[in-house]
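K.L.:
Have a look at this prediction, sequence included:
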Amino acid sequence: MENKKLQIKIQKETNRAKKAISDSKNVHEELNKVLHRLQTLESELNKNKDIGSDLEFKEVKRLERAEILNIIHKLELVESKWNSLITIYLSPSKTLEDLQNDLNPFSSKKGINRGADYIAE
């Protein structure tokens, strides 16, 4: 019975790993699109200095940069999930409870502090 529970947990973590990989690929594609748009806007700015003084153009450029920062933040979250999943497979000496605490930052006192630090950022 215990082996069956462990197999179910392993399958869940494998599915999480697959989702993290998928999320990572999607975020990277989105980041590349945003970077391309930003490069296009910057090249337009370099071609025509008059556009650079246009407040609307500057606002678009600012929004593009904000979008890039948002995507970078998503990448960091995906990387964090991925690192947690890797820890599971590299640390066979951990108990199941330890692994659950690692994956859920709000499930333990240590996790609550990590979650509070994250929210404070």
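P.N.:
Looks like it arrived, so ask away. Because the structure is a prediction, the values reported are computed rather than measured.

K.L.:
Check the average confidence over stretch 38-51, would you?
P.N.:
In this model, stretch 38-51 has a mean pLDDT of 68.

K.L.:
Could you do stretch 63-70 as well?
P.N.:
For stretch 63-70, the per-residue pLDDT averages 79.

K.L.:
buried ones in it?
P.N.:
Neighbour counts over stretch 63-70 (16 or more other C-beta atoms under 10 Å) mark 64, 67-68 as buried. (C-beta placed from N, C-alpha, C; glycine too.)

K.L.:
for stretch 71-87, same thing?
P.N.:
Of all the residues in stretch 71-87, those buried under the rule 16+ other C-beta under 10 Å are 71, 74-75, 78, 81-82, 84-85.

K.L.:
ok so, going back, could you dump the buried residues of stretch 63-70 to TSV with secondary structure?
P.N.:
Shown next, in TSV, are those (DSSP: H, G, I helix; E, B strand; the rest coil):
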residue	secondary structure
Glu64	helix
Glu67	helix
Ile68	helix
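
K.L.:
which of those residues lies closest to Lys47?
P.N.:
Glu64 (17.0 Å; C-beta to C-beta).

K.L.:
The closest one and Leu31, how far apart?
P.N.:
12 Å (C-beta to C-beta, to the nearest Å).
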